[in-house]
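Asker: Have a look at this prediction, sequence included:
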Amino acid sequence: MIGWRTYPQFRSARSQVSQAKLSSFVDGCISYRKAFQGVASRSLHANSLDTSRVVPRADDEVRKSVAVYVHWPFCRQLCTYCNFNKYVRSVDEDFERRLAECMLVDAAEQFAASGAKEIYSLYFGGGTPSLCSPSTIDMVVNGLCRLAHLQCGAEVTLEANPSSSTDDKLRQFKQAGVNRVSLGVQALDNDGLRLLNRDHDKEDSLRTIEWCQALFPGATSLDMMFARPGQTLSQWRGELDDVMSLCESHVSLYELTLEPSTPLARQVERGELTLPDNDTKADMYDGAIEALKSHGLLRYQVSNFAKPGCEARHNASYWSGREYIGLGPGAHGRYRRGGPIVSDDFTARTSPSSASASSSGAAPVTCSAGNQTRDSLNASAATLDDRRLPWHHCVQVPEPNAWLQQVQATGSGLAKCTPLSQLDLLQQVLISSLYTDAGLSHEAWRSLGSQPDLAEIFSPLLLRQTSAHLADRIILDDRGLRLSSSSIAIADSLLPHLMLRLDRHITGMSAGH
């Protein structure tokens, strides 16, 4: 993400690693959803989730625990920078109910195929999930609790926009089980909000932040975007001052990235808008680190800042290589699974004919199937030995109506379920973990399978043979492998060296060298 200070001594590394290969690694660990987005971590309030929903568990029972991401793909309008899987559509309660029912049918298949028995984090993202009814959130939470044990203190997060989050609706979300809100403020400047085509203004944000922090004290995260077209360093400092006066525990800061074919990217390409230069971007980021630190918010990942004890738990599952399951149109997951894999005919499911029902306003297909599929899968799940299951990268059908139709027909919304090689998995986790201040622990590394210890591949002595500059920026100790604090912002320039070394080591082992 932070690519502006690319030191000359590291630039040659990019020529040693295929750019397409590098992109696939980054896509696998970052682009599933906003993998750099974070929300505050906080224990579950006793009154925020009905404990009768939590499935009892014997103390001596060992359960496989996963994070669950639920994608709500609908928005009120499109932001000019966004390329997520989203659809501008008015959704009625009947459609919401069908979507939620199908999510639970699909969840039954994925839980059974993976052997997952417990949920430690649940995240509703989008799109704009705060547009949906609190009763829909309640239905999904309750349904998942019938499929798996929901840990006491589990993180249940809802992404929200100021325009769709009234005080009363936020209270209902809390009653439905939500105990954390990630609020998409993006800018505290009305000109900036209009440029991004956000459907709220600064006053909406201030009012919603107040409501959120009253209902979710210490569990409200603010999303902010910097390096917007025309934004000056002085303007950004002013917005940071506002953030620090408003935010209690967690902030996520994202450098604006121009995604191909988005309206904002086209405006910049035509010369109608100009982005800040690289030095200004770097000053904005460095200044934010210092300002937030002075307010007690410490960086723990390249884009995420929190007071100690308020770090995100859900997104840490992406960064540390833990298993997570994706539900809903376009959602991604990465986990060990067995059982039959659905057809890979992704093109057929996303063809114009399959999407036409959505654009024409035709009624979606009712999701009534699933009980037989769920029972049969649950019966076979008891025989799964999770430790021997292969890792997969799983992607759901993106278009909502096509997704609904497939779940009804097959009991699964998966469009692709691609086995991950050991090298693919290790490189994904290496990339994502080294964007965090904690880095990659020995325990997390060993949990990914049988491979050499970190020291055998990344010892400073070995790295020095590749690049003295690289060795000076890597820390390998009893905690694990990590970048020095000053090097996280230039991780884009360092990671190709490390991936190349890992690639050569694992490939050499496979070849018997």
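Answerer: Nice, thanks for sending it over.

Asker: what element comes up after the longest helix that the chain contains heading to the C-terminus?
Answerer: Using DSSP state H, we find that the single longest helix of the chain is helix 93-114. On the C-terminal side of helix 93-114, the closest following helix or strand by DSSP states H and E is strand 116-126.

Asker: Can you list the helices and strands that the longest helix of the chain packs against?
Answerer: With contacts taken as 3 or more C-beta pairs under 8 Å, 6 or more residues apart in numbering; DSSP states H and E, helix 93-114 sits against strand 64-72, helix 134-147, strand 324-327, strand 332-336, helix 371-381, helix 400-410. All C-beta atoms are positioned from the backbone trio N, CA, C, and that covers glycine.

Asker: go with 7 Å
Answerer: Taking 3 or more C-beta pairs under 7 Å, 6 or more residues apart in numbering; DSSP states H and E as the contact definition, the neighbouring helices and strands of helix 93-114 are helix 134-147, strand 324-327, helix 371-381, helix 400-410.

Asker: for Cys247, what are its contacts?
Answerer: Under the criterion of C-beta atoms under 7 Å, 6 or more residues apart in numbering, the neighbours of Cys247 are Leu222.

Asker: what's the spacing between it and Cys310?
Answerer: Counting by C-beta to C-beta, to the nearest Å, the gap from Cys247 to Cys310 is 10 Å.

Asker: mind checking which of the helices and strands packed on helix 93-114 is nearest Ile475?
Answerer: strand 324-327 (27.1 Å; C-beta to C-beta).

Asker: any idea of the mean pLDDT for the closest one?
Answerer: Taken as a whole, strand 324-327 has a mean pLDDT of 98.

Asker: Other residues contacting that strand?
Answerer: If you take C-beta under 7 Å, 6+ apart as the criterion, strand 324-327 is touched by 32, 66-71, 103, 106-107, 110, 114, 116, 317-318, 332-335, 394, 396.

Asker: Could you report the separation of the closest residue to Leu131 other than its chain neighbours from Asp204?
Answerer: With C-beta to C-beta, 6 or more residues apart in numbering as the criterion, Leu131 has its nearest non-adjacent residue at 4.8 Å, and that residue is Ser164. Here the distance between Ser164 and Asp204 works out to 10 Å (C-beta to C-beta).

Asker: Next: Gln396.
Answerer: When C-beta to C-beta is applied, the distance between Gln396 and Asp204 equals 32 Å.

Asker: Between those two, which has more neighbouring residues?
Answerer: Gln396 (28 against 17; other C-beta atoms under 10 Å).

Asker: OK, contacts around the more buried one?
Answerer: For Gln396, the contacting residues are 326, 328-331, 403, 413-415, taking C-beta under 7 Å, 6+ apart as the criterion.

Asker: how long is stretch 419-439 end to end?
Answerer: Using C-alpha to C-alpha, to the nearest Å, one end of stretch 419-439 lies 25 Å from the other.

Asker: Flag every buried residue along it.
Answerer: 420, 422-439 (16 or more other C-beta atoms under 10 Å).

Asker: same deal with stretch 268-288?
Answerer: Of the residues in stretch 268-288, those buried under the neighbour-count criterion (16+ other C-beta under 10 Å) are 268, 273, 275-276, 280-285, 288.

Asker: Would you mind giving the residues you listed as JSON lines with distance to Gln451, pLDDT and secondary structure added?
Answerer: Compiled in JSON lines, these are given as follows (distance: C-beta to C-beta, whole Å; pLDDT from 0 to 100; DSSP: H, G, I helix; E, B strand; the rest coil):
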{"residue": "Val268", "distance to Gln451": "42", "pLDDT": "96", "secondary structure": "helix"}
{"residue": "Leu273", "distance to Gln451": "46", "pLDDT": "96", "secondary structure": "coil"}
{"residue": "Leu275", "distance to Gln451": "41", "pLDDT": "96", "secondary structure": "coil"}
{"residue": "Pro276", "distance to Gln451": "42", "pLDDT": "97", "secondary structure": "coil"}
{"residue": "Thr280", "distance to Gln451": "42", "pLDDT": "97", "secondary structure": "helix"}
{"residue": "Lys281", "distance to Gln451": "37", "pLDDT": "96", "secondary structure": "helix"}
{"residue": "Ala282", "distance to Gln451": "35", "pLDDT": "94", "secondary structure": "helix"}
{"residue": "Asp283", "distance to Gln451": "40", "pLDDT": "96", "secondary structure": "helix"}
{"residue": "Met284", "distance to Gln451": "39", "pLDDT": "97", "secondary structure": "helix"}
{"residue": "Tyr285", "distance to Gln451": "34", "pLDDT": "96", "secondary structure": "helix"}
{"residue": "Ala288", "distance to Gln451": "36", "pLDDT": "97", "secondary structure": "helix"}
